[in-house]
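**Q** For reference, the sequence and a predicted model appear below.
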2 protein chains.
Amino acid sequence: MAAEKLPFDRAEYETRIAAVRVAMARAGTDVLVICDPANMSWLTGYGGWSFYVHQAVVLGPDGPPLWWGRGIDALGAKLTVMMPQDCIFGYDDTYVQNPGKHPMEDLARLIADHGWQAKRIGLEMDNYYFTAAAWQSLQTALPDAQWVNANSLVNWQRAVKSPAEITFMRRAARIVEKMHQTIMERAEPGLPKNRLVAAIYEAAITGADGHWGDYPSIVPLAPSGTDATAPHLTWDDTPLKTGEATFFEIAGTYRRYHAPQSRTLFLGAPPDKYRRAETAVLDAVEAGLAQAKPGNFAEDIANAFNTSLRKHGFEKDNRCGYSIGLSYPPDWGERTYSLRRDDRTVLQPGMTFHFMPALWLDDGGLEITEPVLITENGYECLCTTPRQLMVKE
Amino acid sequence: MAAEKLPFDRAEYETRIAAVRVAMARAGTDVLVICDPANMSWLTGYGGWSFYVHQAVVLGPDGPPLWWGRGIDALGAKLTVMMPQDCIFGYDDTYVQNPGKHPMEDLARLIADHGWQAKRIGLEMDNYYFTAAAWQSLQTALPDAQWVNANSLVNWQRAVKSPAEITFMRRAARIVEKMHQTIMERAEPGLPKNRLVAAIYEAAITGADGHWGDYPSIVPLAPSGTDATAPHLTWDDTPLKTGEATFFEIAGTYRRYHAPQSRTLFLGAPPDKYRRAETAVLDAVEAGLAQAKPGNFAEDIANAFNTSLRKHGFEKDNRCGYSIGLSYPPDWGERTYSLRRDDRTVLQPGMTFHFMPALWLDDGGLEITEPVLITENGYECLCTTPRQLMVKE
């Protein structure tokens, strides 16, 4: 029953589990408690919007991973995970959002039941879904354990994508292309922003090229004018205006795999300032992409990008990219390497990242970005969306 | 500039801040670090999809709240918060998702700069956006502080809604009614599930009754058949089938205020089992609602509901409701009181909750739920969606 829903071959999951065990040994970890929903999904196939309650996948020294979560979600685990059903453990509903007790008390019992209470236990210390209280509760309940910060341990195993994962990301890329086409078709002066966002969502979920769309881990960001100086404000019903730029930071999503891509749309004739910014970004993107090849560092892309941008008289003081792939809200990044100075992550074939050269101007923002795959010899942009300032006169 | 975007009067924010300070005094807290995006928004007006990086609102012993977050998000704060601009503090971008250092080191400096380093500092210990690593980092950087678990302190202040908040929730209720109408119009055998979800999203974001739709904090859940025995699986492109039930757990959202409401749709003639479950749920809902009045406990609703359900031969072992209002992903609940045995929260006029009597059957699920407002004398269902098993033959 479970296998029929698995997005990947069982053998691929076995390979992933083995890779994580190698990383665990290197990190001095016997048991890994995985609360990041993307890591849970990548390792076992588990899917579902249940990460608003405490849950985990536990990978011990041997045997299949264990799924642990709320009792009513154990049914979802049974339908989705690659492990035998006796590896699924649900906790009592009275633990849910109950200030009197913490679900991690139940997880601690499960760990002790397996004889792991004095082991070196790895935790994803800086994950959204592993709270300070969860940490306190585990420490209290398992006083003999040795705790290891294993934050991003699984995330790093996900950095190089398998051929099957790359296929999923290509499908996501088709979807985001269609989302940008929809924007070009529908955007016009006077259209309330929320109606345009509704059309973007409709395109995202309908999908493209015969493949259905999943929900993106970040909602469509589509700020106009001054609001676009702030990168992460969401929409209201203000109508689109002539003479204003709007950037669209959106992702196509196929089975939780993301292809994020941003474009900026100017309604009317863009002023010189926007044309100059466009030229600067496009040159800097070319300079950055020329460094996108196996053996180079992540920072090489950022440094080339920033050097080129500076020649055009622009400065960007935040990172210009990050690893992408499988993800759940609130982030579609993988939270491993970033494209920025001092990040010496070595690029390898199969890595995928969002090259995200956004420029914040004093009266707006300009985003022209690309989801990129590192190939054997260089790189490939996953999308064919025209790389330019979009203009609708 | 800031004030023009504020969803509520400045006076309402002042009232909220004063109420939180009273609760802080009661909890023995001088300084409160608020990482829950809904609490940040409710207290200051701050909005934006920036909660995937560390951020907080800090409320000290006196003066306006401080906004603290990533440098590029400080611009969004300037456009949205009720405080003067000198209360906004952005941290350097090198802190973002960088394993070498933690943003909370910067927050600790801000706290020390205000002379609060040896105060009693309240933390939202079990919030998604306050990680174990954030807690470790603060403890290390502020060794003289006394730490107080202030989890849900602000959430509890939000339980009783102001008239302006109730207006927002009524607008959200209009939106979810329209979403259910869309489902009834569009659902038919053969329609791929993702296409129906795309239409639901389109309705949600377009809005209703002249009001635009915001994104819901949980994506539309719409499982069919056996998948509906698991409450939180999301969609794929499987076509709707005659003879199958699909439940729709969805919310209308207006400016982050949620009106969640679920209905179940049966395509074709429902078997007796579903009709019996419908009768049981509707009777039990009536029994529960009869207890929804000021002065009663939250558990009174649950106990009445469960007693009635048991008479019909059904058991439900999980909570049947929770507080609702302002929220951000991953949860549209407020995480304060729940409708379940032993929850002795006293109901008061202005409280709003999702009465969520879902039944999981062996071959599917039945959800017929209501967003409810406690009034001076009893209750009001915020929605007019027909309360029944929806059938399309």
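**A** Yes, it's here.

**Q** Could you find the closest non-adjacent residue to A:Thr375?
**A** Counting by Cβ to Cβ, 6 or more residues apart in numbering or on different chains, A:Pro349 is the residue found nearest to A:Thr375 once chain neighbours are left out, at 5.9 Å. For every residue, glycine as well, the C-beta is placed using N, CA and C.

**Q** Quick check, the one you found in contact with A:Ile374.
**A** Yes: taking contacts as Cβ atoms under 8 Å, A:Pro349 lies within contact range of A:Ile374: 5.5 Å.

**Q** hey, what's in contact with both of those two?
**A** Listed as contacting both A:Pro349 and A:Ile374 by Cβ atoms under 8 Å, 6 or more residues apart in numbering or on different chains are A:Pro294.

**Q** related to what we said a few turns ago, quick one: secondary structure of the residue nearest to A:Thr375?
**A** At A:Pro349 the chain is in coil, as set by DSSP: H, G, I helix; E, B strand; the rest coil.

**Q** Same question for A:Ile175.
**A** Counting by three-state DSSP, the backbone at A:Ile175 sits in helix.

**Q** Now do the same contact list for it.
**A** Contacts of A:Ile175 by Cβ under 8 Å, 6+ apart are A:Ala203, A:Ala204, A:Gly207, A:Ala208, A:Asp209, A:His211, A:Gly213, A:Gly252, A:Thr253, A:Tyr254, A:Ala259.

**Q** Can you tell me how far it is from A:Ala208?
**A** Per Cβ to Cβ, to the nearest Å, A:Ile175 is found 5 Å from A:Ala208.

**Q** Now do the shared contacts for these two.
**A** Shared contacts of A:Ile175 and A:Ala208 (Cβ under 8 Å, 6+ apart): A:Gly252.

**Q** Am I right that A:Pro371 is in a strand?
**A** Yes: counting by three-state DSSP, A:Pro371 is found in a strand.

**Q** So it sits against A:Tyr322, correct?
**A** No: the pair A:Pro371 / A:Tyr322 is not scored as a contact, 11.0 Å apart, by Cβ under 8 Å.

**Q** which residues do these two both contact?
**A** In contact with both A:Pro371 and A:Tyr322: A:Phe353, A:His354, using Cβ under 8 Å, 6+ apart.

**Q** ok, back up a step: of A:Pro349 and A:Ile374, which one has the most company?
**A** Ranked by neighbour count (other Cβ atoms under 10 Å in any protein chain shown), A:Pro349 and A:Ile374 place A:Ile374 first, with 22 against 15.

**Q** who's in contact with that one?
**A** If you count contacts by Cβ under 8 Å, 6+ apart, A:Ile374 has them with A:Ala292, A:Lys293, A:Pro294, A:Leu347, A:Gln348, A:Pro349, A:Gly350, A:Met351, A:Thr352.

**Q** What's the local residue count around the third one?
**A** When neighbours are counted by other Cβ under 10 Å, A:Pro294 registers 16.

**Q** Next: the fifth one.
**A** For A:Gln348, the count of nearby residues is 11 (other Cβ under 10 Å).

**Q** For chain B, see how far away it is.
**A** From A:Gln348 across to chain B, the span is 19 Å (Cβ to the nearest Cβ, to the nearest Å).

**Q** and that residue, what is it in contact with?
**A** A:Ala159, A:Val160, A:Pro294, A:Ile374.

**Q** quick one: contacts for the third one?
**A** It stands for A:Pro294. Contacts here follow Cβ under 8 Å, 6+ apart; on that basis A:Pro294 touches A:Val346, A:Leu347, A:Gln348, A:Pro349, A:Ile374, A:Glu376, A:Asn377.

**Q** Go again with 7 Å.
**A** Each residue near A:Pro294 by Cβ atoms under 7 Å, 6 or more residues apart in numbering or on different chains is listed here: A:Leu347, A:Gln348, A:Pro349, A:Ile374.

**Q** Same question for the first one.
**A** A:Ala159 makes contact with A:Ser323, A:Glu334, A:Thr336, A:Met351, according to Cβ under 7 Å, 6+ apart.

**Q** can you rerun that using 8 Å?
**A** Going by Cβ under 8 Å, 6+ apart, A:Ala159 touches A:Ser323, A:Gly325, A:Glu334, A:Thr336, A:Tyr337, A:Thr345, A:Gln348, A:Met351.

**Q** ok, back up a step: need phi/psi at the residue nearest to A:Thr375.
**A** Backbone geometry at A:Pro349, expressed as degrees, to the nearest 10, gives phi -60, psi 140.

**Q** And for A:Val154?
**A** Backbone torsions of A:Val154, given as degrees, to the nearest 10, read phi -70, psi -40.

**Q** Skip the chain neighbours and tell me the closest residue to it.
**A** Nearest to A:Val154 is A:Asn39, by Cβ to Cβ, 6+ apart, at 3.9 Å.

**Q** ok, that neighbour to A:Ala133 distance?
**A** Between A:Asn39 and A:Ala133 the computed distance is 20 Å (Cβ to Cβ).

**Q** between those two, who's got more neighbours?
**A** Each of A:Asn39 and A:Ala133 has its neighbours counted (other Cβ under 10 Å); A:Asn39 has more, 29 against 23.

**Q** Tell me the spacing between A:Glu188 and A:Lys392.
**A** 7 Å.

**Q** same question, A:Gly45
**A** According to Cβ to Cβ, A:Gly45 stands 43 Å off from A:Lys392.

**Q** Farthest pair within the contacts of A:Pro294?
**A** The widest separation within these, taken as Cβ to Cβ, falls between A:Leu347 and A:Pro349 and amounts to 8.4 Å.

**Q** my guess is A:Asn151 meets A:Tyr129, correct?
**A** No: using Cβ under 8 Å as the test, A:Asn151 is too far from A:Tyr129 to be in contact (11.9 Å).

**Q** one step back: more neighbours, A:Gly45 and A:Lys392?
**A** Remark: of A:Gly45 and A:Lys392, A:Gly45 carries more neighbours, 23 against 15, as counted by other Cβ under 10 Å.

**Q** hey, what's A:Leu267 bridged with?
**A** Beta-bridge pairing for A:Leu267 (DSSP bridges): A:Lys392.

**Q** Now for the residue most central in space within chain A: which residues touch it?
**A** Nearest residue to the geometric centre of chain A (Cα atoms, centre = their mean): A:Trp332, 2.2 Å. Neighbouring residues of A:Trp332 by Cβ under 8 Å, 6+ apart: A:Pro216, A:Ser217, A:Ile218, A:Ala251, A:His258, A:Pro260, A:Ile324, A:His354.

**Q** Got the domain ranges for chain A?
**A** In terms of domains, chain A is parsed into A:3-157, A:163-392 (source: automatic domain parsing).

**Q** how distant is the longest one from the center of its chain?
**A** Averaging C-alpha positions (Cα atoms, centre = their mean, to the nearest Å) puts domain A:163-392 13 Å from its chain's average.

**Q** Need the distance between the two termini of it.
**A** In domain A:163-392, first residue to last residue: 38 Å (Cα to Cα, to the nearest Å).

**Q** and what of stretch A:381-389?
**A** From its first residue to its last, stretch A:381-389 covers 17 Å (Cα to Cα).

**Q** Now do the buried residues in that stretch.
**A** A:Cys381, A:Leu382, A:Cys383, A:Thr385, A:Arg387, A:Leu389 (16 or more other Cβ atoms under 10 Å in any protein chain shown).

**Q** ok now do the closest residue to the third one other than its chain neighbours, which residues does it touch?
**A** Just to be clear, that refers to A:Cys383. In space, and not counting its chain neighbours, A:Cys383 is closest to A:Ala173: 4.8 Å by Cβ to Cβ, 6+ apart. By Cβ under 8 Å, 6+ apart, the contact list for A:Ala173 reads A:Gly252, A:Ala259, A:Gln261, A:Pro371, A:Leu382, A:Cys383.

**Q** Go ahead and confirm the residue nearest to A:Val154 touches A:Ala56.
**A** No: contact between A:Asn39 and A:Ala56 fails when scored by Cβ under 8 Å: they sit 9.7 Å apart.
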